[in-house]
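Q: Provided below for reference: sequence and predicted model.
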Amino acid sequence: MSRTARKLDHINHALLTGQANTHGFEDVMFIHNSIPETNYDEISLTSKIGGLSLSSPIFINAMTGGGGEQTKKLNQQLAEVAAETKVGMAVGSQMAAIKESEQRESYEIVRKSHPDGIIFANLGSEATLDQAKMAVDMIEANAFQLHLNVIQELVMPEGDRNFTDTYKRIEKLVQGLEVPVIVKEVGYGMNNQIIQRLASIGVRVVDIGGFGGTNFSKIENERRQQKLNYFNNWGITTTASLLEGSVVDAEIEILASGGLQSAMDLAKSLALGAVAGGFAGRFLKVLVEEGQEKLIEDINQIINDLKMLMTALGASSPKELTNVPLIVLGDTFHWATQRGID
Ligand code: FNR
């Protein structure tokens with residue numbers, strides 16, 4: 001199957017498989033504050049990712065790999081949505097466009113549609129420095145996402161089996177690229193040792209991409225006869241990953257993603273220490289099933305809801321959300337206890 005056909009298949013399966021909602025957000029509860037002393041009109045959502053300023057702590061996460069006409073259309077639609085709502089946006093893997101130059105316009109359209117946007121380039125962890133530079137130049141990206149997809153590759157019969165030298169490649173990218181490198185999981189989460197080691201080689205931003213939203217093991221398993229079902233429930237939930245990130249002793253920013261559906265999920269992510277949250281499957285579903293206008297409406301609603309939640313919680317900025325008291329219950333609590341995380 002060609003790369004483009006495989007990616008189209010991913011979109012269809014992602015929509016069908018939907019979101020699992022086992023991300024752990026239901027385990028996190030805010031403690032009501034009767035006297036928050038906040039003013040809705042003075043809530044600031046301004047955020048920074050790797051030194052890049054965003055007007056809200058929201059970005060559209062990577063989804064448009066593969067190239068081809070459908071990728072081009074989705075990229076254009078998402079870029080227009082990002083421009084309208086002033087959120088950041090990652091493109092999907094650009095490897096197709098690196099290997100076949102005629103695919104480049106499927107990605108270049110993003111910068112054309114959103115000239116002043118905060119846009120992230122994207123490649124998998126096999127990427128070389130030259131390929132990463134090409135990906136960044138192709139869309140004049142403000143940052144570069146490198147995605148880690150060991151389990152997805154293992155589940156695919158034609159996928160990679162050799163994952164050696166990844167840290168070495170990442171270090172070269174960090175040293176050689178002029179934009180921040182965001183090391184990103186795709187739905188299996190990250191533990192604190194991995195984040196710590198990434199910090200030690202110079203990575204300053206990770207997207208923990210936790211378990212509980214889009215599930216690539218399920219998507220890949222559904223597409224084939226020979227199934228590796230034991231990977232269907234594999235991964236560290238989004239809330240557990242955020243707690244893992246919170247105990248890392250290094251200067252590194254954490255981005256939350258993996259099953260984010262609402263402003264409440266985002267507020268909980270920020271309270272657990274993330275500087276911003278990425279939405280993928282949820283936004284794709286709205287875009288494909290209900291259209292661009294509806295997605296714009298939806299994102300504006302999330303922005304408004306986040307401000308309402310912050311007003312109620314007594315937090316005037318995303319940073320202040322980290323001081324808001326909360327209770328951690330259920331599996332996330334047990335995870336934290338056994339991992340020695342307070
Ligand atoms: C993805 N994702 C993804 N990630 C990446 O780094 N490069 C890519 O090319 C893709 N492609 C892709 C296609 C489709 C159809 C989906 C739904 C997702 C993963 C995505 O960015 C995110 O990490 C996961 O989907 C988890 O977030 P959600 O979907 O639970 O919000």
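A: Noted; the coordinates are in hand. Because the structure is predicted, anything quoted here is derived from the model rather than measured. Numbering: from 1, shown residues only.
Q: and Arg161, how far is that from Phe283?
A: Per Cβ to Cβ, to the nearest Å, Arg161 is found 32 Å from Phe283. All C-beta atoms are positioned from the backbone trio N, CA, C, and that covers glycine.
Q: quick one: which of the two has more around it?
A: Using other Cβ atoms under 10 Å as the criterion, Arg161 and Phe283 rank with Phe283 on top: 23 against 7.
Q: Which helix or which strand is home to the closest residue to Val248 other than its chain neighbours?
A: Residue nearest to Val248 in three dimensions, not counting chain neighbours: Ile195, with 4.7 Å by Cβ to Cβ, 6 or more residues apart in numbering. Element membership of Ile195, judged by DSSP states H and E, is helix 192-200.
Q: go on, Asn33?
A: If you go by DSSP H and E, Asn33 is not part of any helix or strand.
Q: For burial, what's the neighbour tally of the closest residue to it other than its chain neighbours?
A: Among residues not flanking Asn33 along the chain, Gly314 sits closest, at 4.9 Å (Cβ to Cβ, 6+ apart). For Gly314, the neighbour count with other Cβ under 10 Å is 16.
Q: now do Glu69
A: Using other Cβ under 10 Å, Glu69 is surrounded by 10 other residues.
Q: Residues of the stretch 1-150 of the chain that sit close to the ligand?
A: For the stretch 1-150 of the chain, the contact set with the ligand under Cβ under 6 Å from any ligand atom comprises 10-11, 14, 19, 61-63, 65, 92-93, 122, 145, 147.
Q: min pLDDT across these, which one?
A: The member of these with the lowest pLDDT is Gln19, at 67.
Q: wouldn't Ala250 be in contact with Gly202 here?
A: No - Ala250 lies out of contact with Gly202 (Cβ atoms under 8 Å); the separation is 10.4 Å.
Q: Find the helix or strand that the residue in the stretch 151-300 of the chain that the ligand sits nearest to is a member of.
A: Here the stretch 151-300 of the chain gets closest to the ligand at one residue, Gly213, 2.1 Å apart by Cβ to the nearest ligand atom. Assigned by DSSP H and E, Gly213 belongs to no helix or strand.
Q: For it, which non-adjacent residue is spatially closest?
A: Sequence neighbours aside, Gly259 is the residue nearest to Gly213 in space, at 2.8 Å (criterion: Cβ to Cβ, 6+ apart).
Q: Got the phi and psi for that neighbour?
A: phi 80, psi 10 (degrees, to the nearest 10).
Q: who's in contact with whichever strand or helix holds Val136?
A: Per DSSP H and E: Val136 is located in helix 129-138. With contact meaning Cβ atoms under 8 Å, 6 or more residues apart in numbering, helix 129-138 is reached by 94-95, 97-98, 104, 107-108, 121-123, 127, 141, 144, 146, 172-173, 176-179.
Q: This completes my enquiry, with thanks.
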